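# What follows is a predicted structure for the sequence shown.
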Amino acid sequence: MSFDKFKPKYKIHEETENYFKLRAEAGAKPYDQLTVEEAREGNIANAKRFAGTTEFEGTVKEFTVPTKHCSDGIPITVYRSKHCDLCVAPSVFVYFHGGGNVVGSRQTVDTICRIFSRDAPCVVVNVEYRLAPEHRWPANHEDATCVVRWVKMNKSLLGAVNRSTVGVGGDGEGSRMAAIVCHEVPDLGYQVLVYPSVDLRRNYKSAEEFAEMPGLTKKMVDWFTEKYIDEPDITNPKASPILQKSFSGLPPALIILAELDQNRDQGYAYHEKLKAAGVKSQIFTVKGVTHGFFHLPGHFKECCLRAHEKVCKFIKANS
């Protein structure tokens, strides 16, 4: 798989080309050619190799959010940078990792959660929601909504204060959960949607154009979708939030897109839905990158720096 067919129209960032070259040399396979367990192990190994580490001074604590949906509760990791001490009311940013609803974990986004807590600064809540195929839709949606409601009631426990804003965000399918939560939970401060998957119908020009794009192919999307949700449920507004009847009153949004991504055009479409409803929404497209770069700042140094700076500035402005 190469970028040759895309180069006449797009300039591929050197970080993108080098990333897929390194993966190819390591013998990495697309998820649709793996078992679920192999895919999960590969996803974690990829994050260990490319996410990097970052300086962080502060506290990292584990909590379990009680829920009626599973007896063990929902594990979360809470990051509170020492810089939060300088804030009168540090915001709480609830983050949902990506991974097609099948792979991914708190571990894969640990580095970026530390970056956001340090540089915004804010308290970050990293959520270990249930995954498919063991837990199909709407399990992760239930977990996401439960965690955000619990966070709103327990700000001081997490190192914030009662008047701290609570915002939500995520990448890929994690951003879909964040978007859904905004329709379910009132009075949220902001939403950060990174290459959002807000329409599981995926009938967009970019989905066709990038069906064979390294990083997220149509075969991979179909593999994830089949394991996650029954086809009739795809058009449920609680699965595809772009189909919600109303967008008025939703919190301000920052939408970050990858130029070479199947999800790109549905991100633009969601942005337009928000604006049409009078919601403040801004969009930032990172040129020359594919789906999946955002949580890997150890490799995508330049591309991630620009995107992460946008996120931290946005959180600060809405705290």
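Looks like it came in fine.

# Next one: residue 178 from residue 232, what distance?
Separation of residue 178 from residue 232 (C-beta to C-beta, to the nearest Å) stands at 24 Å. Placement of C-beta: from N, CA and C, glycine included.

# neighbour-wise, which of those two wins?
residue 178 (28 against 7; other C-beta atoms under 10 Å).

# elements contacting the host helix or strand of the more buried one?
Using DSSP states H and E, residue 178 sits in helix 173-184. In terms of contacts (3 or more C-beta pairs under 8 Å, 6 or more residues apart in numbering; DSSP states H and E), helix 173-184 is packed against strand 92-96, helix 139-153, strand 166-171, strand 190-194.

# Of all these, which one is nearest residue 222?
Of all the helices and strands packed on helix 173-184, helix 139-153 sits nearest to residue 222, with 18.7 Å by C-beta to C-beta.

# Run the angle between the closest one and strand 166-171 for me.
If you take axes from the mean of the first three to the mean of the last three C-alpha atoms, to 10 degrees, helix 139-153 sits at 150 degrees to strand 166-171.

# List the buried residues of helix 139-153.
139-152 (16 or more other C-beta atoms under 10 Å).

# Now do it and helix 173-184, the angle between them.
Inter-element angle recorded for helix 139-153 and helix 173-184: 60 degrees (by the same axes, to 10 degrees).

# Which one of the helices and strands packed on helix 173-184 lies nearest to residue 292?
Closest to residue 292 of these is strand 166-171 (C-beta to C-beta; 8.2 Å).

# Pairing partners for that closest one, with directions?
strand 92-96 (parallel), strand 190-194 (parallel) (DSSP bridges).

# Could you pull up the mean pLDDT of the first one?
By that I understand strand 92-96. For strand 92-96, mean pLDDT rounds to 99.

# now the strands for this protein?
For the chain, strands defined by DSSP state E occupy the ranges 58-65, 74-81, 92-96, 123-127, 166-171, 190-194, 253-260, 281-290.

# Now do the second one: everything it contacts.
Okay, so that is strand 74-81. For strand 74-81, the surrounding residues in contact (C-beta atoms under 8 Å, 6 or more residues apart in numbering) are 56-65, 67, 90, 106, 110, 113-114, 116-118, 121-130, 143, 146-147, 158-159.

# Residue 250: how many residues sit nearby?
Neighbour count of residue 250, defined by other C-beta under 10 Å: 23.

# That one contacts residue 181, correct?
No. Assessed by C-beta atoms under 8 Å, residue 250 is found out of contact with residue 181, at 10.5 Å.

# which of the residues in the longest helix anywhere in the chain are buried?
Longest helix in the chain by number of residues, with DSSP state H as the criterion: helix 301-317. By neighbour count with 16+ other C-beta under 10 Å, helix 301-317 contains the buried residues 303, 304, 307, 308, 310, 311, 312, 314, 315.
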